[in-house]
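Let's see this in three dimensions:
(one chain, ligands or ions: 2)
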Amino acid sequence: MSKQELISDIDILTEEQQQSEEACGVQVSEEENTGKNRKVYIESYGCQMNFSDSEIVSSIMKREGFDTTSDFSKADVVFLNTCSIREKAEQTVRNRLSQFNKVKEDRPEMMIGVLGCMAERLKDKLLEEEKIVDMVVGPDAYRDLPTLIKQVDDGNKAVNVFLSKEETYADISPVRLDSNGVSAFISIMRGCDNMCSFCVVPFTRGRERSRDPHSIVAEAKELFDKGYREVTLLGQNVDSYKWSSEENNKGRLERKEKKESDVSIVNFANLIEMVAKISPDLRVRFSTSHPKDITDEVLETMNKYENICNYIHLPAQSGNSRVLKLMNRTYDREWYIDRVDAIRRIIGDDCGISSDMIAGFCTETEEEHQDTLTLMDYVKYDFSYMFFYSERPGTLAAKKYEDDIPLKVKKRRLQEIIDKQREHSLERNKKAIGKVHKVLVEGTSKRSDEQLQGRNSENKVIIFPRGNQEKGQYVNVLVHDCTPATLFGEVVE
Ligand code: SAM
Ligand code: SF4
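Ligands and ions are numbered 1, 2, ... in the order given. Predicted structure coming up:
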């Protein structure tokens, strides 16, 4: 199965999303031959967070004497780093396991491990349900991989799904997989303390903890020294980043703050400033911003540094306050609009804004669905990741509300959201025409070697004819045309 087939099997709905592959996709480890005696193949699903985790796994495996491979039939160990966010993501992994089964019939010594959210959600049940699986490893247990591999080498099955309150893998230097050598992702926190009722993440990734800012800055600096020119700081809710030298667990840190007035804290605005100061030539991006936590201080810091990109991923999920309450998002439509107004006031109309939307959440009426469409009309998102609601076992919504919107209705509402987004993406892209954009060159365009591709500060992909520009260089591009997904232009002085 090709990478493209795997992607379309997951849950992706629009051409724009297929191009970006950021929200949900699949990533495969690259071929590396440094003479180590065993090979690991890592296939990662889901969000960027998972792809970053695979880079940590790869680093741990390297130390254990493994090279990576891009061909699972050559691997001694095959890892599937999985996603549980929607049912279809899990189904894709199960289909994939049955394909691996055929290879394992010929090579019974090949070890198969399921990592990540699905491992955490299903625990040892996965060993019973999928006989081919030898190892089940949750997202906080990757340091234990050498021991778990040994257990399997000794003929046993191995499981570690312990969720930590402190683990951030701060000291592990990730091995970049599938990288263009220009942009990299840095994980700044793990877990999530929000309990959005539709979401499985708090159960699969545990409590929120923030990583030591000094290790984040050191990683970003090392990347810059190696020639990288863009870092994206990753977390489920980056704006709630909070760290002190004594405590990195957010819940415990907030209790400490209440008791002691002099706790010295690094917040998200402080962190992006620290990273931005590494060099004006290092672009800083981040994802995801929760509307309840994004502060004017963060927006003002973005405004202060030209190299902090003008782009915010601010998932609304719904435009209706009653539905947002059922989703337990802890903000309403007015609050969300106030945050968008603050972005426009402090950063300006050019700032790129994107969203995640869920169509057909439990009990959503046609009028409430219309509220999502009118919120989209108000914000005019540059881009959105759009899904229909998929009930996940164990979540608050699965326990409390009936999944009562028929699939046909969910799909129709989703299509209306997608159509609206397409209009807005085109409208927003048209505003870029006739302007000069500072573009960081990422490499050749996917369609032609004669074209280069990069992004502007607002995260829009710009394609332009190749000259003597190099990957990792900044160029000024005058945009003259666009589609809903891409801008086209030419280099100017
Ligand atoms: N932490 C991010 C936030 O709160 O915006 C979201 C992380 S989640 C991995 C990515 C997106 O998946 C969510 O924003 C939501 O739109 C979607 N999602 C999560 N659970 C879902 C479900 N049960 N059904 C459909 N979409 C879901
Ligand atoms: Fe899930 Fe909500 Fe946490 Fe995002 S903020 S990961 S949607 S619980």
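
What spatial separation is found between Asn248 and ligand 2?
18 Å (CB to the nearest ligand atom, to the nearest Å). Using the backbone N, CA and C atoms, a C-beta is placed for each residue, glycine as well.

again with Val28
Taken as CB to the nearest ligand atom, the span from Val28 to ligand 2 is 25 Å.

partner residues bridging that residue?
Glu43 (DSSP bridges).

what's around it, how many residues?
The local packing of Val28 (other CB atoms under 10 Å) involves 19 other residues.

pLDDT score for Met1?
According to the prediction, Met1 has pLDDT 50.

What residues does the stretch 251-400 of the chain have near ligand 1?
Counting by CB under 6 Å from any ligand atom, the stretch 251-400 of the chain comes close to ligand 1 at Thr288, His290, Pro315, Gln317, Asp356, Ile358, Phe387, Tyr389, Ser390, Arg392.

Return the members of the residues you listed classed as buried.
Buried residues within these, counting neighbours by 16 or more other CB atoms under 10 Å: Thr288, His290, Pro315, Gln317, Ile358, Phe387, Tyr389, Ser390, Arg392.

Not counting its neighbours along the chain, what's nearest the third one?
Going back to what we said before, that points to Pro315. Using CB to CB, 6 or more residues apart in numbering and skipping the chain neighbours, the partner closest in space to Pro315 is Asp356 (3.6 Å).

likewise the fourth one?
Spatial nearest neighbour of Gln317, chain neighbours left out: Ile358 (5.2 Å); criterion: CB to CB, 6+ apart.

which secondary structure elements does whatever helix or strand the one you found lives in contact?
If you go by DSSP states H and E, Ile358 is part of strand 352-359. The helices and strands touching strand 352-359, judged by 3 or more CB pairs under 8 Å, 6 or more residues apart in numbering; DSSP states H and E, are strand 311-313, helix 366-379, strand 383-388, helix 407-430.

is the shortest one anywhere near ligand 2?
No: applying CB under 6 Å from any ligand atom, one finds strand 311-313 out of contact with ligand 2, separated by at least 11.2 Å.

Tell me the pLDDT of Phe162.
Reported pLDDT at Phe162 in the predicted model: 95.

Test my guess that it contacts Gly138.
Yes: Phe162 sits in contact with Gly138 when judged by CB atoms under 8 Å, with a separation of 6.7 Å.

quick one, which of those two is more surrounded?
Gly138 (25 against 13).

any idea how far that one lies from Asp154?
Using CB to CB, to the nearest Å, Gly138 is found at 21 Å from Asp154.

need the helices for the stretch 151-300 of the chain, in chain order.
Ranges of helices in the stretch 151-300 of the chain, per DSSP state H, counting those that start in this stretch, are 201-205, 213-225, 250-259, 268-276, 296-304.

Tabulate the ones you listed in CSV, adding columns for mean neighbour count, mean pLDDT and distance to Leu282.
What follows is the helices of the stretch 151-300 of the chain, written out as CSV (neighbours: other CB atoms under 10 Å; pLDDT from 0 to 100; distance: least, CB to CB, whole Å):
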stretch, mean neighbour count, mean pLDDT, distance to Leu282
helix 201-205, 21, 95, 28
helix 213-225, 17, 96, 5
helix 250-259, 14, 82, 27
helix 268-276, 21, 98, 8
helix 296-304, 17, 97, 15
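
of all the helices and strands packed on strand 352-359, which lies closest to Ser59?
strand 311-313 (26.5 Å; CB to CB).

ok, that closest one: who's next to it in the sheet?
In its sheet, and by DSSP bridges, strand 311-313 pairs with strand 352-359 (parallel).

model confidence over the strand it pairs with, on average?
98.

Please give the centre-to-centre distance between it and its chain.
Remark: strand 352-359 is offset 14 Å from the chain centroid, using CA atoms, centre = their mean, to the nearest Å.

Can you point out the buried residues in it?
Those buried within strand 352-359 under the rule 16+ other CB under 10 Å are Gly352, Ile353, Ser354, Ser355, Met357, Ile358, Ala359.

Report the beta-bridge partners for the second one.
In other words, Ile353. Beta-bridge partners for Ile353, by DSSP bridges, are Ile312.

That one and Gln317: what is the separation?
Counting by CB to CB, the gap from Ile353 to Gln317 is 14 Å.

where does the stretch 101-250 of the chain have low pLDDT?
Applying pLDDT under 70 to the stretch 101-250 of the chain flags no residue at all.

now the strands for it?
Assigned by DSSP state E, counting those that start in this stretch, the stretch 101-250 of the chain shows strands spanning 111-116, 135-137, 158-160, 183-187, 189-190, 209-210, 230-234, 242-243.

returning to what we had before: pretty sure the residue nearest to Pro315 contacts Tyr385?
Yes: here Asp356 reaches Tyr385: they are 4.8 Å apart, a contact under CB under 8 Å.

re the thing from before, could you see whether ligand 2 lies near the strand holding Ile358?
No: applying CB under 6 Å from any ligand atom, one finds strand 352-359 separated from ligand 2 by no less than 8.0 Å.

Adjust the sequence numbering to begin at 26 for everything that follows.
Fine by me, first position is 26 from now on; the one you just mentioned is strand 377-384.

What sits closest to Asn295 if chain neighbours are left out?
Pro238 (7.5 Å).

Now do the same contact list for Ile303.
Residues in contact with Ile303 (CB atoms under 8 Å, 6 or more residues apart in numbering) are Val242, Ala245, Lys246, Phe249.

do you know how far it is from Phe249?
Ile303 is 6 Å from Phe249, by CB to CB.

do the same with Arg236
Counting by CB to CB, the gap from Arg236 to Phe249 is 18 Å.

what's the answer for Glu279, then?
For Glu279 relative to Phe249 (CB to CB), the value is 33 Å.

do the same with Asp237
Asp237 is 19 Å from Phe249, by CB to CB.

Can you report how many residues neighbour the closest residue to Glu325 other than its chain neighbours?
Leaving aside its sequence neighbours, Glu325 sits nearest to Ile371 (CB to CB, 6+ apart; 6.0 Å). Neighbours of Ile371 under the rule other CB under 10 Å: 15.

ditto for the one 3 residues further on
Using other CB under 10 Å, Asp374 is surrounded by 10 other residues.

Quick check: pLDDT value at it.
Looking at Asp374, its pLDDT reads 96.

show me the contacts for it.
Listed by CB under 8 Å, 6+ apart, Asp374 has no contact partners.

mind giving me TSV with the helices of the stretch 176-325 of the chain and columns for distance to ligand 2?
Below are the helices of the stretch 176-325 of the chain laid out as TSV (distance: least, CB to the nearest ligand atom, whole Å):
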stretch	distance to ligand 2
helix 226-230	4
helix 238-250	20
helix 275-284	12
helix 293-301	14
helix 321-329	16
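
Quick one, which of the ones you listed gets closest to Glu392.
helix 226-230 (29.3 Å).

which residues sit against that closest one?
The contact list for helix 226-230, computed with CB under 8 Å, 6+ apart, reads 109-110, 141-143, 145-146, 163-164, 188, 215-220, 261, 419-420.

go on, stretch 75-83?
Identification of contacts with stretch 75-83 by CB under 8 Å, 6+ apart yields 52, 54, 65, 67, 69, 93, 104, 106-108, 140-142, 164, 167, 170, 194, 197, 199-203, 210-212, 259.

Nice, that's everything, thank you.
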